[in-house]
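Colleague: below are the sequence and a predicted model; questions follow.
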Amino acid sequence: MLRAQELSKRYVLASGTVQALKPFSYDFSPAKVTAILGPSGSGKSTLLNLLAGLDSPSSGSILLDGNDLSQLNESARAELRLKYFGFVFQSFNLINILNAWQNVAFPMGLTGLKQEKRKARAFELLSHFGLGERLYHFPHKLSGGERQRVALARALANNPEVIFADEPTGNLDSKSGAMVLDALFELAAEGRTVIIVTHNLELAKRADEVIFLKDGELTNAPVELGQPAIP
Ligand SMILES: Nc1ncnc2c1ncn2[C@@H]1O[C@H](COP(=O)(O)OP(=O)(O)O)[C@@H](O)[C@H]1O
Ligand SMILES: [Mg+2]
């Protein structure tokens, strides 16, 4: 279980201080899709980066199964991210000089899995996402939707407990976007914690939980999303 406790982030700049996230506490449920919504500049990416251990909070903690990420040093956090977290980004972030299966196998190499096992698992994951015919394609030979499915397969490389996605459908046409969303919901149905930053209202309506941020603060979601008000 991933839990944020009184998590906050302040950026100190020459021009003054920006409170990007006000103290935020939340339990992220396994087996659910949680959507993080809010206007531009409301702190969505800040929150996602803190939860994922990519940035350090100014105060508060992030607990993964009771272990506090904010107390770990950078190399311990990197190891934890590699084992327990998977990432999907708006711009795919594939490695251009590696083909599809090599991209998927890459995070497995970092945990020391043997070459033939890495390859077999990469093939299996890519086939699962309908890319069995694209195993040796380089990213520039793939469509946006295909690239994002490679990224999904890569996010699953080390069988993570939590998947973080920042605008995963932002660069996709609606058909490819729907495929990627279906896949993310399937991952939650398997028992994983899926956390998605999005502007996509269809996704927000479908999500099990919605976090709506405004000026760095948790607030009630707009009524059209049909989510219960925050008590
Ligand atoms: N590295 C940074 N340094 C200074 N200010 C930042 C930094 N990152 C984000 N901010 C500020 O924090 C606030 C929240 O930003 P962000 O989390 O990126 O919002 P969102 O993802 O919702 O658009 C904004 O006011 C932004 O300008
Ligand atoms: Mg952002």
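Modeller: Right, received. Where do you want to start? Ligands and ions are numbered 1, 2, ... in the order given.

Colleague: tell me, what residue is most central in the protein?
Modeller: In the chain, the centroid-proximal residue (CA atoms, centre = their mean) is residue 164; its distance is 1.1 Å.

Colleague: neighbours around residue 17, how many?
Modeller: For residue 17, the count of nearby residues is 10 (other CB atoms under 10 Å). All C-beta atoms are positioned from the backbone trio N, CA, C, and that covers glycine.

Colleague: buried residues, the worst-scoring helix or strand of the chain on mean pLDDT. List them.
Modeller: Of all helical and strand segments in the chain, the minimum by mean pLDDT, DSSP states H and E falls on helix 201-206, at a mean of 87. Across helix 201-206, burial judged by 16 or more other CB atoms under 10 Å covers 203, 204.

Colleague: which stretches in this structure count as strands?
Modeller: Per DSSP state E, the chain has strands spanning 2-13, 16-28, 33-37, 59-64, 67-68, 85-89, 162-166, 193-197, 209-214, 217-219. These are given in chain order.

Colleague: in JSON lines: the ones you listed, plus mean pLDDT and distance to ligand 2.
Modeller: Shown next, in JSON lines, are the strands of the chain (pLDDT from 0 to 100; distance: least, CB to the ion, whole Å):
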{"stretch": "strand 2-13", "mean pLDDT": "96", "distance to ligand 2": "13"}
{"stretch": "strand 16-28", "mean pLDDT": "96", "distance to ligand 2": "10"}
{"stretch": "strand 33-37", "mean pLDDT": "96", "distance to ligand 2": "10"}
{"stretch": "strand 59-64", "mean pLDDT": "96", "distance to ligand 2": "18"}
{"stretch": "strand 67-68", "mean pLDDT": "92", "distance to ligand 2": "25"}
{"stretch": "strand 85-89", "mean pLDDT": "95", "distance to ligand 2": "11"}
{"stretch": "strand 162-166", "mean pLDDT": "96", "distance to ligand 2": "7"}
{"stretch": "strand 193-197", "mean pLDDT": "97", "distance to ligand 2": "6"}
{"stretch": "strand 209-214", "mean pLDDT": "94", "distance to ligand 2": "10"}
{"stretch": "strand 217-219", "mean pLDDT": "92", "distance to ligand 2": "16"}
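
Colleague: just send those back as TSV, with distance to ligand 1 too.
Modeller: Output for these, formatted as TSV (distance: least, CB to the nearest ligand atom, whole Å):
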stretch	distance to ligand 1
strand 2-13	3
strand 16-28	3
strand 33-37	8
strand 59-64	16
strand 67-68	22
strand 85-89	13
strand 162-166	8
strand 193-197	7
strand 209-214	7
strand 217-219	11
